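Asker: pasting the sequence and the predicted coordinates here, then a few questions.
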Amino acid sequence: MPVTRCAWANPANPLYLAYHDDEWGVPCHDELRLFEMLNLEGAQAGLSWETILNKRANYRAAFDDWDAKKIAAYDAAKVAALLCNAGIVRNRLKIAAAITNAQAYLRLCAEVGSLDAYLWAYVGGVPIANHGERIIKTDLSDRISKDLLKRGFKFVGSTIIYAYMQAIGMVQDHADDCDWKQR
């Protein structure tokens, strides 16, 4: 029987299919992945998600497997090395944002316990179910974005946050005819 996926899932890219099938829209409570995805969604700004997904392994290696304590302490030499790393998007502002985000993340965790607790409190721990319509931001993504910006995070505009919410399963936006809609 043929499999029906969301139209955006590029069938020619096994990484993209695995991402669609196993990650996107699946509620995530793994702290490391939540931090990683927040930064990767920001790195995507102005690019395609497929570009970032294809570089995800390189990002993990370049950013110490998303260890926030290590990233928060990056110095000018580490930034220079990252700017020379062809395996990631070599954008000075996005690299600086990952460092700033690590620092903001550590402050947030000290205040509220975890990024997981912070994020999922916005939806009472229950994903929002949509009907596959094309949404790029909502009042909720606006609120989360504004609060993250106030807390010092970078590359967390409302559209980026909505994509992040989709990626970590806070919202379920699989197309109505997608076989993964009812997971």
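Answerer: Perfect, thanks for sending it. Numbering: from 1, shown residues only.
Asker: roughly how far apart are the residue nearest in space to the middle of the chain and D179?
Answerer: Closest to where the C-alpha atoms of the chain average out (C-alpha atoms, centre = their mean) is M37, at 2.7 Å. Distance, M37 to D179, by C-beta to C-beta, to the nearest Å: 23 Å. Quick note: C-beta positions are derived from backbone N, CA and C, even for glycine.
Asker: what's the lengthiest helix in the chain packed up against?
Answerer: In the chain, with assignment by DSSP state H, the single longest helix is helix 92-112. Applying 3 or more C-beta pairs under 8 Å, 6 or more residues apart in numbering; DSSP states H and E, one finds that helix 92-112 contacts helix 31-44, helix 68-72, helix 76-83, helix 115-121.
Asker: angle of that helix against helix 76-83?
Answerer: Going by axes from the mean of the first three to the mean of the last three C-alpha atoms, to 10 degrees, helix 92-112 is angled at 120 degrees with respect to helix 76-83.
Asker: ok, and for helix 92-112, which residues are buried?
Answerer: For helix 92-112, the buried set under the neighbour-count rule, 16 or more other C-beta atoms under 10 Å, comprises 94-95, 97-105, 108-109.
Asker: ok, those vs Y164, which is closest?
Answerer: Nearest to Y164 out of the buried residues of helix 92-112 is N101 (C-beta to C-beta; 11.9 Å).
Asker: for that closest one, give me the pLDDT.
Answerer: pLDDT, N101: 98.
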